[in-house]
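>>> return atomic coordinates for the entry below.
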Amino acid sequence: MGWLSVVYGLVSVFILLVNSVSGIGANWGTQASHSLPPETVVNMLKDNGIQKVKLFDADYGALRALGKTRIEVMVGIPNELLASLASSVKAAEKWVAKNVSEHITTNNVNIRYVAVGNEPFLTTYNGSFLRTTFPALANIQSALIKAGLSSQVKVTVPLNADVYASSTSLPSGGDFRTDIHDYMIPIVKYLSDNNAPFTVNIYPFISLYTDSNFPVEYAFFDGNASPLNDGGTYYYNMFDANHDTLVWALQKNGYGNLPIIVGEIGWPTDGDQNANLEYARRFNQGFMNHISGGKGTPMRNGPVDAYLFSLIDEDAKSIQPGNFERHWGVFYFDGSPKYQLNLGTTNSGSLVPAKNVKYLEQKWCVMKPSTSLDDPQVAPSVQYACENADCTALGYQTSCGGLDGRGNISYAFNSYYQMNNQRDTACQFPNVSKIVKSDPSVGTCKFWIGIQPYYARADRKNGGLNIPLILVGYLILFLLTIL
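From the prediction side, this is the model:
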């Protein structure tokens, strides 16, 4: 019967390849204080030849804008919905009817995947979603079958690469983590039984961020790092090694042919000493060049199905993991490209900016020149601005790391001012701020002008600024001590 399993596995891979488009995809997150209109983003996707998009929820405006575009969509289910979907088939059927069936039938949205949860087994969640992920996955699949969509729309679970590890530090030692092994195997089997892919998020940047001894060159694709020798198979970059550790984990558990989607991969541009434009360009262009030939990895030949993380910066994301979290986009918040990047999808070989973006007036909020740094109103004003805006570009070796104390304070004031649509009251920090019409940007530090707010439907979810107060406290000390 072994040969039947091989044939079945190959047929599963073939079905998935036929049902998906080639080329790079992109993650489109919406945790921003000022989002571009969905139609603007969709036009930007089309202008850049991006034919696949991954959403983190079933945002109505985004899905509506994607209608009739033929762009392949992976629609997400947030982790907080897993418990209700796991406990009720009816809830799953209702979710599918509203967020999948309706968009496919009434607006011709090309939905191909439902992502059940978002890295639900992440170690930092302390097992919160271990018991609900698989039941939710099964109920959504049942709902898709009932809706007659299971051949077109496949289920998957985007998982962080921390769900597997190597006992030998080599890819061939890969297996699923022992503490979640018994949760992983039923999911993997279910995906295989339903011709669905395994989705994994791989982040070399995070390895560099968390381990000061991580070899920097191994994160990139230039071949400058000392290779890892795994029994005669050489790995010259972390992506290939990490990806193939997963392949070995699947193979050891009897699912070596299960298709793999790289759900997130990318590099941030600010908020950390290793998060900068050059490293991000180098990584993302290196990745594009690496996969463009379609040769795959040493353990898995063929095209790599991947989604860049991410499309656009999100200034309302939690910075609990680090200040870099708001700077993953290949485009800034206004849809302007950050750096030269050839996705192989445009005639120009460059990113195409968003069109018809509407900006606020050319004016900024800064610290009054007459105000002293030790004015008692300065510290609480900066703290308030940073708690309610975005100061993640300030800090050691960031894009605005070269500012002096006054510059740091002005940046904080302006961030709050722009985020509040340049209302006069947003630049009335007690006798320490003023509005100016000359651009205070310095060197690599850009004092941004905001974009006009986009007002979606009433039940649209707007991400709130989630800033741990301890990080704000450290930042305030930094701002006030740099002179």
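>>> show me what the helix or strand where Val114 lies is packed up against.
Using DSSP states H and E, Val114 maps to strand 111-116. Secondary-structure packing of strand 111-116 (3 or more C-beta pairs under 8 Å, 6 or more residues apart in numbering; DSSP states H and E): strand 72-77, helix 133-146, strand 154-156. Backbone N, C-alpha and C define where each C-beta goes, glycine included.
>>> make TSV out of those and add mean neighbour count.
Below are those laid out as TSV (neighbours: other C-beta atoms under 10 Å):
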stretch	mean neighbour count
strand 72-77	24
helix 133-146	22
strand 154-156	24
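>>> could I get those as TSV with mean pLDDT and distance to Gln31?
Output for the helices and strands packed on strand 111-116, formatted as TSV (pLDDT from 0 to 100; distance: least, C-beta to C-beta, whole Å):
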stretch	mean pLDDT	distance to Gln31
strand 72-77	98	12
helix 133-146	98	22
strand 154-156	98	22
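>>> JSON lines for the ones you listed, including distance to Gln320?
JSON lines is the format used below for the helices and strands packed on strand 111-116 (distance: least, C-beta to C-beta, whole Å):
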{"stretch": "strand 72-77", "distance to Gln320": "20"}
{"stretch": "helix 133-146", "distance to Gln320": "21"}
{"stretch": "strand 154-156", "distance to Gln320": "25"}
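>>> any idea how many residues pack against Thr168?
Around Thr168 there are 9 other residues, counting by other C-beta atoms under 10 Å.
>>> for it, helix, strand, or coil?
coil (DSSP: H, G, I helix; E, B strand; the rest coil).
>>> now the strand holding Val114: how far from the chain's centre is it?
16 Å (C-alpha atoms, centre = their mean, to the nearest Å).
>>> and the contacts of that strand?
19-20, 54, 56, 63, 72-77, 82, 85, 96, 100, 103-104, 133, 136-137, 140, 144, 152-158, 197, 199, 263 (C-beta atoms under 8 Å, 6 or more residues apart in numbering).
>>> who does that strand pair up with?
Sheet pairing for strand 111-116, assigned by DSSP bridges, gives strand 72-77 (parallel), strand 154-156 (parallel).
>>> mean confidence score for it?
For strand 111-116, mean pLDDT rounds to 98.
>>> can we start the residue count at 38 from this point?
Right, with 38 as the first residue, what we last looked at is strand 148-153.
>>> which ones are touching the residue lying closest to Ala95 once chain neighbours are set aside?
By the measure of C-beta to C-beta, 6 or more residues apart in numbering, the closest residue to Ala95 outside its immediate chain neighbours is Asn136, 3.6 Å from it. Going by C-beta under 8 Å, 6+ apart, Asn136 touches 95, 100, 112.
>>> need those residues in a markdown table with distance to Val153, can you?
Shown next, in a markdown table, are the contacts of Asn136 (distance: C-beta to C-beta, whole Å):
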| residue | distance to Val153 |
| --- | --- |
| Ala95 | 12 |
| Leu100 | 17 |
| Val112 | 10 |
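>>> which stretch among the helices and strands packed on strand 148-153 comes nearest Val415?
strand 109-114 (41.9 Å; C-beta to C-beta).
>>> hmm, back to that, looking at the strands paired with strand 148-153, which is nearest to Lys400?
strand 109-114 (37.6 Å).
>>> what lies in contact with the closest one?
57-58, 62, 88-95, 100, 103, 122, 132, 136-137, 146-155, 173, 177, 193, 195, 300, 344.
>>> and if you look at stretch 318-328?
61, 241-242, 256-259, 274, 276, 302-304, 340-341, 343, 345, 367, 375-381.
>>> weed out the non-buried ones from those residues.
61, 241-242, 256-258, 274, 276, 302-304, 341, 343, 345, 367, 375-376, 378, 380 (16 or more other C-beta atoms under 10 Å).
>>> so for stretch 417-433, mean pLDDT?
Computed over stretch 417-433, the average pLDDT equals 97.
>>> what residues sit buried inside it?
418-420, 422-432.
>>> which non-adjacent residue is nearest Trp408?
For the record, residue 408 is Thr, not Trp. Val469 (4.6 Å).
>>> who's in contact with Ala198?
237-240, 279, 283.
>>> again with Tyr453
Counted by C-beta under 8 Å, 6+ apart, Tyr453 has contacts 402, 421-423, 425-426, 463.
>>> out of the helices and strands packed on strand 148-153, nearest to Thr408?
The nearest among the helices and strands packed on strand 148-153, by C-beta to C-beta, is strand 109-114 at 45.9 Å.
>>> figure out how far that closest one is from the centre of its chain.
13 Å.
>>> helix or strand right after that strand?
helix 119-124.
>>> I figured the residue nearest to Thr408 hits Ser418, correct?
Yes: counting by C-beta atoms under 8 Å, Ser418 is a contact partner of Val469 at 5.7 Å.
>>> now for these two: what residues contact both?
With C-beta under 8 Å, 6+ apart as the test, Val469 and Ser418 both reach Ile446.
>>> could you check the pLDDT of the residue nearest to Thr408?
98.
>>> follow-up on the earlier one: ok, which of the helices and strands packed on strand 148-153 comes nearest Val479?
strand 109-114 (38.8 Å).
>>> related to what we said a few turns ago, and of the contacts of Asn136, the nearest to Ser72?
Leu100 (14.3 Å).
>>> how close does the closest one sit to Pro74?
14 Å (C-beta to C-beta, to the nearest Å).
>>> next step: the buried ones among the contacts of stretch 318-328 restricted to helices.
241-242, 276 (DSSP state H).
>>> just to be sure, Thr236 is in a strand?
Yes: using three-state DSSP, the assignment for Thr236 is a strand.
>>> that one: neighbour count?
Counted with other C-beta under 10 Å, Thr236 comes out at 25.
>>> can you tell me which residues contact it?
152, 193-196, 297-300.
>>> and His218, by the same measure?
Asp212.
>>> quick check: phi and psi at it.
phi -60, psi -40 (degrees, to the nearest 10).
>>> before we move on, what about Phe361?
phi -70, psi -20.
>>> distance of it from Asp342?
25 Å.
>>> before we move on, the earlier item: pretty sure the residue nearest to Ala95 sits in a helix.
Yes: counting by three-state DSSP, Asn136 falls inside a helix.
>>> now it: how far from Asn290?
32 Å.
>>> give me the most central residue, the protein.
By C-alpha atoms, centre = their mean, the chain has its centre lying nearest to Phe346, at 4.0 Å.
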